[in-house]
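Asks: give me the fold of what follows.
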Amino acid sequence: MKLHRIILAAILLLLMTVALPAAYGLQDAVTPEEEWSRMTPEQRETLRERYQQLKKLTREQRQELRERLRTLRQMNREERSKILESYGVYRKMAPEERRRLEKNYERFRSLPQGRQQQLRNNYRRFMRMPPERRARMLENFRRWQELTPEQRERLQSQ
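Replies: Reported below is the predicted structural model:
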């Protein structure tokens, strides 16, 4: 989990310093020294910490990071915007919510590729439903989670 957060932080740092300026045509607008001088002390400290985290990554982890950055650079502006928005939501989550999300993500990644694809397809289908139907399904799911295992088994056997 900690490694996942380090990689996520490094990706965001690299995105902010490389991909976003390039996306807005600002790659040669200022020198690194000028950019450093414009940072607040807190931003500088955060950058130092992220750099130290990046240095601790193995060669393979750094290569994976480069690959992800390459993929990010190939995305269009809308796709990059969605990623930044999602990361913003992630950052605003309470620590226990993040841990739960990371745990679920690891469970998902451990599934066979076919099952992962099936779940992605189900999610897409769910998102295409009318909002009222989605709300009903979520309410039914919430009620299902509140049932005891015995109650669930009884309902499934009917």
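Asks: please make it C-alpha for all contacts and neighbour counts, starting now.
Replies: Will do.
Asks: so, low pLDDT: which residues of this protein?
Replies: Within the chain, the stretches with pLDDT under 70 are 1-29.
Asks: can we see that at 50?
Replies: Scanning the chain for pLDDT under 50 picks out 19-20, 22-26.
Asks: spatially central residue for it, please.
Replies: Against the mean C-alpha coordinate of the chain, by Cα atoms, centre = their mean, the closest residue is Y87 at 5.5 Å.
Asks: SS state for that residue?
Replies: Classification of Y87 using DSSP: H, G, I helix; E, B strand; the rest coil returns helix.
Asks: from Q52, how far off is it?
Replies: Look at Y87 and Q52: by Cα to Cα, to the nearest Å, they are 21 Å apart.
Asks: what does M39 give?
Replies: From M39 to Q52 the distance is 18 Å (Cα to Cα).
Asks: this protein: helices as residue ranges?
Replies: 2-14, 20-23, 32-38, 41-56, 59-74, 77-92, 95-110, 113-128, 131-146, 149-157 (DSSP state H).
Asks: domains of the protein?
Replies: The chain is divided into the following domains under automatic domain parsing: 2-110, 117-158.
Asks: deepest of those, which one?
Replies: Stretch with highest mean neighbour count among the domains of the chain: domain 2-110 (a mean of 13; mean count of other Cα atoms under 10 Å).
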